[in-house]
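**Q** Okay, predicted coordinates and the sequence, questions at the end:
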Amino acid sequence: MGLGMHLGAWRHREGAATDYLDLDYYTEIAKVAEDAKLHAVFLSDTLALSEENLQRPNLGALDPVVVLSALAASTSRIGLIATSSTTFNEPYNLARRLASLDQLSRGRAGWNAVTTFVPDVAANFGTAALAEHDRRYEQAEEFVDVVVALWRSWLDGALVGDKAGGVFADPARVHPINHAGDRFTVRGPLTLPRSPQGHPVLVQAGSSERGRALAARSAEIVFTAQNTLAAAWEFSRDLKARAQALGRDPDDLKVLPGIVPIVGSTRAEAQHRKAELDRFAGDAELVKLAVRVGVPVSALDLDKPLPVELIRANTEFNASHGFRDAAVRLTEEEGLTVRELLYRNGGGHLQVVGTAEDVADELATWFTSGAADGFNLMIDELPSGLCRFTDGVVPLLRERGLFQHDYTGRTLRENLGLRPPPDTPENP
């Protein structure tokens with residue numbers, strides 16, 4: 001995310017403020033992650049300046065698919081997951097771009113399907129106002145169905161390549177999707193055959209009722225904001241039960257909560273790093289919290305509890321339900337003040353400040369209890385925070401038998417333990 005998840009990272013880190021625009025920066029991150037055998041590089045996206053308001057680098061300024069396509073040439077095993085909106089894209093174009101990334105990376109691509117919740121984005125696409133939450137998810141459901149159908153419009157073996165016999169592709173194994181829905185009309189088929197993994201892994205980020213329904217029906221990976229072990233466990237059980245009720249194997253859906261590890265050689269060092277990052281961020285974290293829970297900054301007193309009643313009274317709330325609900329649950333369960341919540345709540349995600357052992361303990365507890373199938377690492381500052389994690393935490397997890405020593409397959413789908421997509425056309 002830009003130069004790091006923490007809003008003070010760009011001032012605290014070594015290196016130029018423009019590094020988030022430099023391919024060498026992303027290449028270094030990808031190589032560090034691949035050397036540690038992490039499963040994927042997962043890029044965020046943004047479609048407006050308003051969240052950072054020119055006060056810091058945007059957390060997803062470059063087009064993720066373009067960046068990851070470049071990284072496909074300098075990596076060989078690590079997955080490449082791009083965030084792209086279902087609210088402000090067209091299914092055919094996005095299906096083609098992601099399938100292109102999947103081909104160029106030899107089957108290492110993934111798509112994080114999101115519904116845009118930042119109101120200012122609408123004006124960049126000729127729309128007066130952002131659509132209401134449930135309407136965005138109605139569109140997302142159809143959008144995802146169309147993209148998946150396009151990815152499956154070429155069956156296995158459709159590309160024959162028989163030069164002697166003069167047969168390039170088998171028309172009987174390439175099918176139009178002939179989709180005519182409420183929002184999209186798409187004939188298909190796609191211009192590209194299946195990749196070595198079939199098609200990109202489908203990731204979804206959303207914890208509202210509509211988000212959970214979409215995840216249970218379509219997602220293979222679910223990225224979620226959960227701040228407490230109990231909430232994460234309940235979320236994982238709920239999603240897997242929903243998936244099973246729809247006829248899916250619950251093991252085909254992996255739940256990955258976000259976690260912000262701030263690692264030091266001692267707890268005091270980690271706390272100092274956190275304090276310095278906070279100092280450089282100023283009141284940015286407070287402003288972001290206010291936006292994420294749907295109240296004005298003036299309603300947040302640092303030394304008082306989060307105004308939960310005011311938050312719940314906001315019936316016009318149109319942003320991320322997952323971020324809001326995670327913050328509310330954490331402050332209610334542990335009786336936190338706003339100041340304490342900011343310390344624990346890393347931009348909406350669980351934040352662990354401590355030694356490598358402290359972070360490894362937290363990850364192990366969540367994983368072994370069934371609250372998580374893995375984690376999306378929201379690195380505080382890049383690349384230093386990633387190096388602290390890969391050098392300190394990863395070896396401890398390996399010692400405990402909780403993390404891989406090497407990749408088990410060549411594709412992202414294989415490395416995640418996900419089955420290939422069915423060899424049948426799919427009509428949404």
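**A** Cool, the structure landed. Numbers count the residues shown, from 1 in each chain.
**Q** Nearest residue to H179 in space, please, no chain neighbours.
**A** V186 (4.6 Å; C-beta to C-beta, 6 or more residues apart in numbering). For every residue, glycine as well, the C-beta is placed using N, CA and C.
**Q** My guess is that neighbour contacts L150. True?
**A** Yes. V186 lies in contact with L150 (C-beta atoms under 8 Å); the separation is 7.1 Å.
**Q** who has more neighbours, those two?
**A** L150 (28 against 22; other C-beta atoms under 10 Å).
**Q** wait, that one sits on L190?
**A** Yes. Counting by C-beta under 8 Å, L190 is a contact partner of L150 at 4.4 Å.
**Q** residues shared between the contacts of those two?
**A** Common contacts of L150 and L190, defined by C-beta atoms under 8 Å, 6 or more residues apart in numbering, comprise 92, 95-96, 99.
**Q** Which of those residues sits closest to R344?
**A** Distance to R344 across those (C-beta to C-beta) is lowest for A95, with 39.1 Å.
**Q** Assumed that closest one was part of a strand.
**A** No. A95 is assigned helix when assessed by DSSP: H, G, I helix; E, B strand; the rest coil, not a strand.
**Q** Now the element after the helix or strand bottoming out on mean pLDDT in the chain, going C-ward?
**A** Here the helix or strand of the chain ranked lowest by mean pLDDT, DSSP states H and E is strand 345-346, holding a mean of 66. In the C-terminal direction, the helix or strand that comes right after strand 345-346 (DSSP states H and E) is strand 349-354.
**Q** Which other helices and strands does that next one contact?
**A** Packed against strand 349-354, as judged by 3 or more C-beta pairs under 8 Å, 6 or more residues apart in numbering; DSSP states H and E, are the following elements: strand 254-263, helix 267-281, helix 338-344, helix 356-368.
**Q** returning to what we had before: give me every residue that touches the residue nearest to H179.
**A** Contact analysis of V186 by C-beta under 8 Å, 6+ apart lists 91-92, 146, 150, 177, 179.
**Q** Please, where are all the strands along the stretch 51-200 of the chain?
**A** Per DSSP state E, counting those that start in this stretch, the stretch 51-200 of the chain carries strands over the ranges 79-85, 109-114, 159-162, 167-169, 179-180, 185-186.
**Q** tell me the most buried of those?
**A** With neighbours taken as mean count of other C-beta atoms under 10 Å, these reach their highest mean count in strand 109-114, at a mean of 26.
**Q** Show me the contact partners of that one.
**A** By C-beta under 8 Å, 6+ apart, the surrounding residues in contact with strand 109-114 are 40, 42, 45, 68, 79-86, 94, 98-99, 101-102, 140, 143-144, 147, 195, 200-206, 214, 219, 221, 223, 412.
**Q** Give me the contacts around stretch 351-358.
**A** Here stretch 351-358 makes contact (C-beta under 8 Å, 6+ apart) with 259-267, 270-271, 273-274, 343-345, 359, 362, 388-389, 392-393, 396.
**Q** what packs against the longest helix along the chain?
**A** Looking across the chain with DSSP state H, the single longest helix is helix 133-151. For helix 133-151, the elements it packs on are helix 91-104, strand 109-114, strand 179-180, strand 201-205, helix 209-218, judged by 3+ C-beta pairs under 8 Å, 6+ apart.
**Q** which residues of the chain score low on pLDDT?
**A** Residue ranges of the chain with pLDDT under 70: 345-347.
**Q** residues contacting V167?
**A** Counting by C-beta under 8 Å, 6+ apart, V167 makes contact with 160-161.
**Q** Quick check: bridge partners of it?
**A** D162 (DSSP bridges).
**Q** any idea how far it is from K304?
**A** Using C-beta to C-beta, to the nearest Å, V167 is found at 73 Å from K304.
**Q** Go through the helix or strand harbouring E234 and flag the buried ones.
**A** Here E234, judged by DSSP H and E, is contained in helix 229-245. For helix 229-245, a neighbour-count test (16 or more other C-beta atoms under 10 Å) marks 229, 231-233, 235-236, 239-240, 242-243 as buried.
**Q** now, among those, which is nearest to E333?
**A** Set against E333, the nearest of the buried residues of helix 229-245 by C-beta to C-beta is A231 (8.0 Å).
**Q** Contact partners for the closest residue to the closest one other than its chain neighbours?
**A** Nearest residue to A231 in three dimensions, chain neighbours excluded: R329, at 5.2 Å (C-beta to C-beta, 6+ apart). Residues in contact with R329, defined by C-beta under 8 Å, 6+ apart, are 227-228, 231.
**Q** Please, which helix or strand holds R329?
**A** Element membership for R329, per DSSP H and E: helix 321-334.
**Q** for that helix, which positions count as buried?
**A** 321-331.
**Q** still on that earlier bit, scan the shared contacts of L150 and L190 and report the most crowded one.
**A** Each of the shared contacts of L150 and L190 was scored for neighbours by other C-beta under 10 Å, and A95 scores highest at 27 neighbours.
**Q** what's near enough to touch it?
**A** Here A95 is in contact with 146-147, 150-151, 190 (C-beta under 8 Å, 6+ apart).
**Q** how about a cut-off of 6 Å?
**A** Listed by C-beta atoms under 6 Å, 6 or more residues apart in numbering, the contact set of A95 reads 147, 150.
**Q** What distance do you get for it to L190?
**A** Relative to L190, A95 is positioned 6 Å away (C-beta to C-beta).
**Q** For those two, list the residues in contact with both.
**A** What both A95 and L190 touch, as defined by C-beta under 6 Å, 6+ apart, is the set L150.
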